[in-house]
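1. Here's a sequence, model it:
(one chain, ligands or ions: 2)
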Amino acid sequence: MDAEHAHTTPRPVPLSLGATVTTRGPAAQLGAIRTTGGPRPTAPSHEQGLAHDADRNREPGGALGTDAARDPRAPQRDPRADRLLGAPQEGGLRDRFGRVATDLRVSVIDKCNLRCTYCMPADGMPWLPQSQLMSTDEIRRIVRVAVQSLGAEELRITGGEPLVRKDLEFIIAGIRADNPDLPISLTTNAVGLDRRAQALKDAGLDRINVSLDTLHPETFAELTRRPHLDKVLAGLQAARAAGLGPIKINAVLLRGINDTEVVPLVDWAVSNGFEMRFIEDMPLDGDRSWSATNVIPARDIRAAIEEAFTLTADPRGRGAAPAERWEVRRPGDPVLAGHVGIISSVTEPFCAACSRTRVTADGRIRSCLFSHEETDLLTPLRDGADDAGLAQIWRDAMWAKPRAHGSDRVGLARADFVQPERTMSAIGG
Ligand code: SAM
Ligand code: SF4
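-> Ligands and ions are numbered 1, 2, ... in the order given. Model (predicted):
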């Protein structure tokens, strides 16, 4: 956090969402806090910056070893063979470390209409061909297996950008028809949501998370490489009018780009009844330019918020949720203003409590965001596997889930961390 900005007297800036945002000093002039342009800084060594976190988390490979330890000349065998020993043949999605996956994230498309610098290259990615994307019915079937055979308790639909799929309303309506009580949420950039929020709500969507990293049009255009801040705000307004809620706002802070916006974002969010969530920048970007030293650590984000608000740990606790949640109050005011969440995947990993299982838009199970392995569920489904067969493939995949961060070692800033081939947009965040 820029100390100079943090201590400047706030002043309100009207935004088109019907509320005011309080920002500070030069930031009040739209775009004035932009400090850099062009590509993100190149990566220094992993040992720098967060090295102490890596040291704290570094542990021996253990009996299960690591991917890097395999001899490439060894005969071909299922790389999961050892890890599949003891896999359950019934019940839910358990793994070797005692975790149970009940939180299902399904990506419905890898394409996106924005190009956030921390996620995608400027030219986009090689998109999946249509024939490899799960169809409406295939997504519906996979969710039904997860909920009815494997105990999934909640669903988040993500991408790429889910709104790019014209059949999103049909996907949600089908899932809702099969699973009347399933909480269904959507992670979206909200571009185009103004025209679809009501239909999505009517189809059975409960709540949304909207990615919004800045309140300044110029910074938005630089960060997403598209000039669409007004569309996002219109989408948020429509979502609120349609009764989608709670609405959470996801922001990734980038040093020198939007890191002076912590307090204005919290102020704007709580003023509008949204929960603000800050996500530490993770090594899942398409440009492969992530650097540990550029990560704004959760502790700095908390400290920045506390310069303007009083934070109290949310009494509901965290459970398996990725975000550490805080109650937000304005100084001297005992009334609860709202909540803020901080997702500290890099500096304070929470892998031990992870309850997530993911399916990519081409129907592959990923047991961990950072996995180097995927399990194809779509081919067996298309080849006629029954629900019991699909459920067992899924159980096996999750039993082999790595302990942390794609291997059996904790820490994204550790020297031997290898970024997975798929990037965030291709996995589904
Ligand atoms: N397009 C939708 C959106 O942006 O909300 C859904 C997909 S996006 C991949 C899901 C979430 O991943 C977003 O909240 C985004 O901010 C986050 N994300 C993308 N790349 C990230 C990275 N390198 N580190 C941390 N979060 C990232
Ligand atoms: Fe698209 Fe979401 Fe990635 Fe931004 S974060 S490029 S909106 S998929």
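
2. And for the residue in the chain positioned nearest to ligand 1, the neighbour number?
-> The minimum distance from the chain to ligand 1, using Cβ to the nearest ligand atom, falls at G429 (2.8 Å). From N, CA and C alone the C-beta is placed, and that goes for glycine too. The number of residues packed near G429 is 22, by other Cβ atoms under 10 Å.

3. so what's it closest to, chain neighbours aside?
-> T158 (5.9 Å; Cβ to Cβ, 6 or more residues apart in numbering).

4. Tell me how far the one you found lies from A352.
-> 23 Å (Cβ to Cβ, to the nearest Å).

5. What of F170?
-> 38 Å.

6. Which residue of those two possesses the greater neighbour count?
-> Ranked by neighbour count (other Cβ under 10 Å), F170 and A352 place F170 first, with 15 against 12.

7. Provide the secondary structure category for that one.
-> Here F170 is recorded as helix under DSSP: H, G, I helix; E, B strand; the rest coil.

8. give the contact list for the nearest residue to it once chain neighbours are set aside.
-> Leaving aside its chain neighbours, F170 sits nearest to T136 (5.2 Å; criterion: Cβ to Cβ, 6+ apart). T136 makes contact with 167, 170-171, 174, according to Cβ atoms under 8 Å, 6 or more residues apart in numbering.

9. between those residues, which has the most around it?
-> Result: I171 is most packed of these (other Cβ under 10 Å), 24 neighbours.

10. show me what contacts it?
-> Neighbouring residues of I171 by Cβ under 8 Å, 6+ apart: 108, 136, 139-140, 157, 165.

11. Which residue ranges of the stretch 51-200 of the chain form strands?
-> 93-94, 100-101, 103-107, 154-158, 184-188 (DSSP state E, counting those that start in this stretch).

12. is the third one anywhere near ligand 2?
-> Read that as strand 103-107. No. Shown here: strand 103-107 not in contact with ligand 2 (Cβ under 6 Å from any ligand atom), separated by at least 9.5 Å.

13. Mind listing what's buried along stretch 332-342?
-> 337-342 (16 or more other Cβ atoms under 10 Å).

14. Take the strands of the stretch 51-200 of the chain and write them to CSV, including mean pLDDT.
-> Putting the strands of the stretch 51-200 of the chain into CSV (pLDDT from 0 to 100) gives the following:
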stretch, mean pLDDT
strand 93-94, 98
strand 100-101, 98
strand 103-107, 98
strand 154-158, 98
strand 184-188, 98
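
15. Among the contacts of I171, which one lies nearest to D285?
-> If you rank these by distance to D285 using Cβ to Cβ, V108 comes first, at 21.2 Å.

16. and the closest one, how far is that from D416?
-> The gap separating V108 from D416 is 33 Å, by Cβ to Cβ.

17. Quick check on the two: which one has the bigger neighbour count.
-> Legend: neighbour count by other Cβ under 10 Å for V108 and D416, higher for V108 (26 against 13).

18. Correct me if wrong: that one contacts G363.
-> No. Counting by Cβ atoms under 8 Å, V108 sits too far from G363 to count as a contact (10.8 Å).

19. residues bridging contact with those two, i.e. touching both?
-> M134.

20. Quick check: residues of the chain near ligand 2?
-> Residues of the chain lying near ligand 2 by Cβ under 6 Å from any ligand atom: 112, 114-116, 119-120, 159-161, 189, 211, 425.
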